[in-house]
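> kindly generate the corresponding structure for this input.
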Amino acid sequence: MNDRIVAGIDIGGTNTKYGLVNEYGKILMNGSIHTAEYQEPQEFAAELCKLIRNAAAKINNGIHGIGIGSPNGNYYTGMVELAPNLPWKGMIPLAKYFMDEINLPVVLTNDAKAAALGEMVFGGARNMKHFIFITLGTGLGSGIVCNGSMVYGHDGFAGEMGHTIVKEGSNRLCGCGRYGCLEQYASASGIRISYMKFLAEKGMQAPVEPDKIDSQYIFKRAQENDKEALAAFHYTGHILGLAIANAVTYFSPEAIFLFGGLTRAGDFIFKPTIESFEKNLLKIYAGKTKILPSSLQESDAAILGAASLIWNELKKFS
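Numbers count the residues shown, from 1 in each chain. Below you'll find the predicted structure:
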């Protein structure tokens with residue numbers, strides 16, 4: 001093969017996905033390993049580098065670099081810092097461990113920022129210089145692009161929209177240790193909390209065992225016109241739309257891209273979000289920013305995002 005290829009790695013608390021990606025966003029090979037099986041990050045890096053080298057050899061090609069998306073990944077330092085859901089605690093120089101193994105450029109950032117770069121390189125933001133990418137999964141992640149560049153701030157952690165406090169005095173405890181963060185309201189876990197709250201307020205029992213209630217179940221109930229499920233989506237969209245309206249005043253983006261499991265609910269989440277956004281938006285921004293679904297395939301987005309990270313870096317020096 002003559003394609004120039006890179007490796008993209010998406011690190012999760014349970015599984016880590018990896019793949020070989022060409023310049024056109026085609027995933028040539030992919031695989032995964034169980035993150036928790038590797039108690040030492042050096043061992044984890046060595047195993048992934050071995051798998052990546054073997055995969056590249058099978059398609060008779062070399063790779064030009066590795067991009068890594070990780071919880072609490074810091075672009076500036078190449079470190080994973082204090083990630084609560086990974087087996088390695090403290091400050092982990094993960095990019096260095098990979099470079100020691102493979103002697104290639106390695107770039108690391110957090111998973112949401114990597115996905116935002118995937119949208120910019122391979123998705124709906126290809127011709128945009130200013131946009132915000134929001135992931136609505138178990139939590140809420142985000143990446144902010146201004147003037148065609150990712151916003152990292154002075155320490156590498158700018159753009160944590162999920163940890164902006166939207167409800168002072170809230171009793172919803174976030175994993176960060178504070179109360180009232182956006183991701184406790186606008187996420188798959190957040191909508192579950194809201195749904196259970198609305199049931200309790202009416203003295204109603206959950207229709208199924210509580211551990212079977214997730215965002216997909218609430219979506220199904222909303223399709224059946226269940227009032228509490230509809231109220232949960234409306235409330236979630238209201239909070240999210242308000243937060244997006246506030247973000248627009250800081251960054252004036254062309255578009256907001258929504259991605260992740262909660263977006264599968266379609267208009268149930270998009271309609272109240274857009275209504276709240278338009279209602280709360282400062283008038284000078286009216287009609288200038290679109291709220292759009294991500295054009296990335298959910299199954300491919302993590303690998304494409306991580307690959308985009310290294311492609312973006314390599315192009316700076318080409």
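
> could I get the full set of helices for the protein?
41-58, 94-102, 111-122, 188-201, 215-223, 227-251, 267-280, 298-315 (DSSP state H).

> can you give me the strands in the stretch 1-150 of the chain?
5-11, 15-22, 27-34, 63-69, 73-74, 79-81, 91-92, 106-109, 131-136, 140-146, 149-150 (DSSP state E, counting those that start in this stretch).

> can I get those in JSON lines with mean neighbour count?
Using the backbone N, CA and C atoms, a C-beta is placed for each residue, glycine as well. Below are the strands of the stretch 1-150 of the chain laid out as JSON lines (neighbours: other Cβ atoms under 10 Å):
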{"stretch": "strand 5-11", "mean neighbour count": "28"}
{"stretch": "strand 15-22", "mean neighbour count": "22"}
{"stretch": "strand 27-34", "mean neighbour count": "16"}
{"stretch": "strand 63-69", "mean neighbour count": "25"}
{"stretch": "strand 73-74", "mean neighbour count": "24"}
{"stretch": "strand 79-81", "mean neighbour count": "21"}
{"stretch": "strand 91-92", "mean neighbour count": "18"}
{"stretch": "strand 106-109", "mean neighbour count": "26"}
{"stretch": "strand 131-136", "mean neighbour count": "28"}
{"stretch": "strand 140-146", "mean neighbour count": "25"}
{"stretch": "strand 149-150", "mean neighbour count": "16"}
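
> switch those over to JSON lines; also include distance to Phe233 and mean pLDDT.
Shown next, in JSON lines, are the strands of the stretch 1-150 of the chain (distance: least, Cβ to Cβ, whole Å; pLDDT from 0 to 100):
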{"stretch": "strand 5-11", "distance to Phe233": "28", "mean pLDDT": "96"}
{"stretch": "strand 15-22", "distance to Phe233": "29", "mean pLDDT": "96"}
{"stretch": "strand 27-34", "distance to Phe233": "32", "mean pLDDT": "96"}
{"stretch": "strand 63-69", "distance to Phe233": "28", "mean pLDDT": "97"}
{"stretch": "strand 73-74", "distance to Phe233": "31", "mean pLDDT": "96"}
{"stretch": "strand 79-81", "distance to Phe233": "34", "mean pLDDT": "97"}
{"stretch": "strand 91-92", "distance to Phe233": "38", "mean pLDDT": "98"}
{"stretch": "strand 106-109", "distance to Phe233": "31", "mean pLDDT": "97"}
{"stretch": "strand 131-136", "distance to Phe233": "12", "mean pLDDT": "98"}
{"stretch": "strand 140-146", "distance to Phe233": "15", "mean pLDDT": "97"}
{"stretch": "strand 149-150", "distance to Phe233": "31", "mean pLDDT": "96"}
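
> I'd like these as a markdown table, with distance to Met120 appended.
Formatted as a markdown table, the strands of the stretch 1-150 of the chain follow (distance: least, Cβ to Cβ, whole Å):
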| stretch | distance to Met120 |
| --- | --- |
| strand 5-11 | 14 |
| strand 15-22 | 15 |
| strand 27-34 | 17 |
| strand 63-69 | 13 |
| strand 73-74 | 18 |
| strand 79-81 | 23 |
| strand 91-92 | 27 |
| strand 106-109 | 13 |
| strand 131-136 | 7 |
| strand 140-146 | 6 |
| strand 149-150 | 8 |
